[in-house]
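**Q** What would the 3D arrangement of this be:
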Amino acid sequence: MLPMTPFSRIVRREGVRMSKEGHVEVRDVIQEVAIEISERAARISRHSNRKTVTKKDIEFVIREK
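**A** Now for the predicted structure:
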């Protein structure tokens, strides 16, 4: 699970007031998206017979979404 502090900092920087539940929801959604992107990028790297996920793999996943 990702720590709350970075998300609180982003919200505060934007000058938005948000409840704790809102912060938790934002964090959870970002975490889900990050996991999905990582899993898809890992599949792409395995398909290319590589063990390392590259920046290009991640960019490809984001473009194809």
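
**Q** Which element, helix or strand, includes the most centrally placed residue in the chain?
**A** Centre of the chain computed as the mean C-alpha position; nearest residue by C-alpha atoms, centre = their mean is Ala34, 2.6 Å away. Per DSSP states H and E, Ala34 falls inside helix 20-47.

**Q** Same question for that helix: list its buried residues.
**A** Buried residues in helix 20-47, counted by 16 or more other C-beta atoms under 10 Å: His23, Val26, Arg27, Ile37, Arg40, Ala41, Ala42, Ile44, Ser45. In this view, the C-beta of every residue, glycine as well, is placed from N, C-alpha and C.

**Q** With stretch 58-65 instead?
**A** Judged by neighbour count using 16+ other C-beta under 10 Å, the buried positions of stretch 58-65 are Ile58, Val61.

**Q** outside of it, which residues touch it?
**A** Contacting residues not belonging to stretch 58-65 are listed as Ile37, Arg40, Ala41, Ile44 [C-beta atoms under 8 Å, 6 or more residues apart in numbering].

**Q** which residue packs closest to Met1, ignoring adjacent ones?
**A** Leaving aside its chain neighbours, Met1 sits nearest to Gln31 (7.0 Å; criterion: C-beta to C-beta, 6 or more residues apart in numbering).

**Q** Local confidence estimate at the one you found?
**A** Looking at Gln31, its pLDDT stands at 94.

**Q** got it, and Met18?
**A** On the pLDDT scale, Met18 gets 90.

**Q** Can we start the residue count at 39 from this point?
**A** With the count now opening at 39, the last piece we talked about shows up as Met56.

**Q** Can you report phi and psi for it?
**A** Per-residue torsions, Met56: phi -140, psi 140 (degrees, to the nearest 10).

**Q** Name the nearest residue to it, ignoring sequence neighbours.
**A** Here the residue nearest Met56, using C-beta to C-beta, 6+ apart, is Val49, at 5.0 Å.

**Q** Quickly find the element holding the one you found.
**A** Residue-wise, Val49 maps onto helix 43-51 under DSSP H and E.

**Q** For the worst-scoring helix or strand of the chain on mean pLDDT, list every residue counted as buried.
**A** Lowest on mean pLDDT, DSSP states H and E among the helices and strands of the chain sits helix 43-51, with a mean of 86. By 16+ other C-beta under 10 Å, the buried positions in helix 43-51 come out as Phe45.
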